[in-house]
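[1] Here's my sequence, what's the structure:
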Amino acid sequence: MAEIQVGAALARSTPAVNEKTPLHVLLLGNFRGSGHAAERSSPKPVVVDRDNLYELPEQLGVRLDGLLASSDGQTQDIEFHEYEDFEPDQLFEKLEIFEHLRTLRRRLQNPKHFDAAAAEVLAWTGPETSASPSSNDVPVSAAAPGSEDLFADVLSQSVDGGSSPLESGDWNGFIQGVLAASAIQRVDPRQDELVAVVDEAIQETMRQLLSGPRFRSLEMNWHGLRFLTFQIETHAKLKFYLLDMTEEQFHETLGAENWQESWLVEAIITPSKTPGATSWGLVGCLFPFSTREEDLTVAKRFGSMVEAAGAGGVIELLARKGQWLNPDDAIHETWNDARMKMPMTSIAGLWPRVQLRLPYGKKYRSTERFLFEEISSPGGSQLAWGSPVWLACAAIAHGFNERGWGLDTAAVSQFSDLPLYFDPADDGDAYPCGEHLLTDQESAALMEIGLSPIISFKNQDRVQIRGLQSLRGGPLHGPWKEA
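    As a prediction, this is how the structure comes out:
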């Protein structure tokens with residue numbers, strides 16, 4: 001059984017609240033992508049609302065580094081100045097890898113350059129590709145934290161984390177991976193078929209880009225921020241703040257032996273100990289937690305930090321549905337044992353993820369500069385799933401707007417008009433807005449082990465949170481408990 005290493009406990013703070021006390025919600029997450037490289041000082045909270053939301057990407061210097069640019073292994077950094085920069089049309093114009101493919105397509109249509117261009121494409125679809133495993137044969141490995149190459153994150157076909165073609169600068173390996181994923185193997189050297197191969201390579205490259213762990217996490221954080229600020233109207237007594245950091249920073253800080261003395265603990269706790277300052281009322285963590293021992297240790301310390309600030313906290317938990325619901329599964333046993341040994345009365349854990357945008361394609365969100373269908377296979381894995389923490393923060397904020405500090409964290413919260421994707425290959429049914437369509441019995445079982453599940457409704461654009469409970473079970477503690 002995993003032993004959770006916590007260290008000395010932090011003293012709990014109980015800041016007094018009254019009807020004039022504001023609710024300040026703090027969101028911990030990576031909002032700048034690779035924009036932390038040159039930073040030396042500790043991050044500071046940044047207020048966010050509807051008025052400054054669309055200016056923030058440029059102000060914060062949002063970017064991603066190390067994207068594949070060309071066949072010689074060169075990489076490219078890309079900056080995001082506005083929300084539209086996350087969209088396929090903008091990426092198609094800005095990224096050099098797409099310029100390379102566009103140029104190749106033009107060469108195929110020019111008789112003077114056709115032979116050389118055709119030879120390049122035919123080299124992609126040679127014997128190596130036909131021998132390559134298909135995307136259905138070998139699972140795509142999870143990206144290693146801090147990976148230098150977005151495409152390598154996605155296209156690595158080794159479950160043991162071995163080097164991918166992109167990590168070794170192998171352009172042909174990359175393009176073969178793209179073609180394997182698109183199910184195109186070999187073609188005849190005719191112009192129309194060669195152009196079709198390049199068109200499919202463009203589409204599959206964009207799919208790999210959008211689904212890459214670093215890009216998807218960054219994009220979903222910004223979509224989540226927009227969801228929250230437009231769901232909830234902020235004002236003088238209700239404000240949202242973001243505290244920007246990398247996931248590596250977060251885990252290194254709370255995983256260190258002297259974590260109690262860290263800048264993060266100071267940022268969370270200091271307001272509660274400063275006369276006249278407004279304490280954090282709710283802290284949402286956008287870095288998900290697995291049931292591994294290391295993650296459980298960090299989760300416990302996060303809970304201790306939030307409790308010491310007199311706040312409540314919300315986190316996302318990671319496990320497969322069967323692991324949560326099967327009492328005989330090792331993950332279920334490890335989790336249930338760990339949560340009951342940790343004083344997690346101030347932390348709510350949410351599962352599963354939720355859709356934060358519709359997929360790109362002709363039916364839902366068409367592109368203008370090239371033909372693109374984001375969804376190429378059934379199963380829902382290509383949908384834009386984001387953290388349920390956004391919904392939990394919205395639920396608390398809505399309760400505060402309705403009832404002040406008398407808000408009821410056990411109340412049912414409903415969210416409508418969410419992205420609803422109908423898969424034409426799936427008998428006309430929509431994918432649920434939450435990642436899993438749970439029965440009432442399954443929802444009850446999840447609540448019995450301390451989770452606050454996202455409840456979806458079949459073929460409906462809404463979800464519910466049927467109360468936020470603590471990971472220990474029972475009421476979620478926070479400033480509202482003291483009101």
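[2] where's the residue lying closest to residue 116 once chain neighbours are set aside, which helix or strand?
    Nearest-residue entry for residue 116: residue 107, 7.0 Å, with adjacent residues in sequence omitted and distances by Cβ to Cβ, 6 or more residues apart in numbering. In short, each C-beta sits where N, CA and C put it, glycine included. Element membership for residue 107, per DSSP states H and E: helix 96-108.
[3] repeat for residue 119
    Residue 119 belongs to helix 114-124 when assigned by DSSP H and E.
[4] Against which helices or strands is that helix packed?
    Helix 114-124 sits against helix 96-108, helix 171-181, helix 191-211, with contacts defined as 3 or more Cβ pairs under 8 Å, 6 or more residues apart in numbering; DSSP states H and E.
[5] just to revisit the earlier point, which of the residues in the helix holding residue 107 are buried?
    Of the residues in helix 96-108, those buried under the neighbour-count criterion (16 or more other Cβ atoms under 10 Å) are 97-98, 100-102, 104-105, 107-108.
[6] now, which of these sits nearest residue 250?
    The shortest gap between residue 250 and any of the buried residues of helix 96-108 belongs to residue 97, at 30.4 Å (Cβ to Cβ).
[7] Let me know the distance separating the closest one from residue 226.
    Using Cβ to Cβ, to the nearest Å, one obtains 27 Å as the distance from residue 97 to residue 226.
[8] same check, this time on residue 452
    Taking Cβ to Cβ as the measure, residue 452 and residue 226 are separated by 23 Å.
[9] picking that back up, closest one to residue 35 among the helices and strands packed on helix 114-124?
    With Cβ to Cβ as the criterion, residue 35 lies closest to helix 191-211 of the helices and strands packed on helix 114-124, at 18.3 Å.
[10] And the most far-flung residue of the chain relative to its centre, its phi and psi?
    The centre of the chain is farthest from one residue, residue 112, which by Cα atoms, centre = their mean lies 46.1 Å away. The phi and psi torsions at residue 112 (degrees, to the nearest 10) take the values phi -70, psi -30.
[11] What are the boundaries of the strands in this protein?
    In the chain, the segments counted as strands under DSSP state E are 23-29, 46-48, 62-68, 75-80, 238-244, 280-285, 312-316, 347-351, 354-357, 384-386, 412-415, 451-456, 463-466.
[12] Which of these sits closest to residue 208?
    Per Cβ to Cβ, nearest to residue 208 of the strands of the chain: strand 62-68, 9.7 Å.
[13] Let me see the mean pLDDT of that closest one.
    Model confidence over strand 62-68 averages 89 on the pLDDT scale.
[14] Put the alpha carbons of that strand into PDB.
    Output of strand 62-68 as PDB, limited to C-alpha atoms (Å, rounded to 0.1, in the frame of the first residue of the first chain):
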ATOM      1  CA  VAL A  62       1.600  32.700 -24.400                       C
ATOM      2  CA  ARG A  63       3.700  30.500 -26.600                       C
ATOM      3  CA  LEU A  64       4.800  26.900 -27.400                       C
ATOM      4  CA  ASP A  65       8.400  26.000 -28.200                       C
ATOM      5  CA  GLY A  66       9.900  23.200 -30.200                       C
ATOM      6  CA  LEU A  67       7.300  22.500 -32.800                       C
ATOM      7  CA  LEU A  68       8.600  20.500 -35.800                       C
END
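[15] could you give the angle of it to strand 75-80?
    Using axes from the mean of the first three to the mean of the last three Cα atoms, to 10 degrees, the inter-axis angle of strand 62-68 relative to strand 75-80 is 160 degrees.
[16] who does strand 62-68 touch, helix- and strand-wise?
    strand 75-80, helix 150-155, helix 213-231.
[17] one more time with 6 Å
    Applying 3 or more Cβ pairs under 6 Å, 6 or more residues apart in numbering; DSSP states H and E, one finds that strand 62-68 contacts strand 75-80.
[18] chain center to the strand it packs on: distance?
    Relative to the mean C-alpha coordinate of its chain, strand 75-80 is positioned 19 Å out (Cα atoms, centre = their mean, to the nearest Å).
[19] Of all the strands of the chain, which one is nearest residue 214?
    Per Cβ to Cβ, nearest to residue 214 of the strands of the chain: strand 62-68, 6.1 Å.
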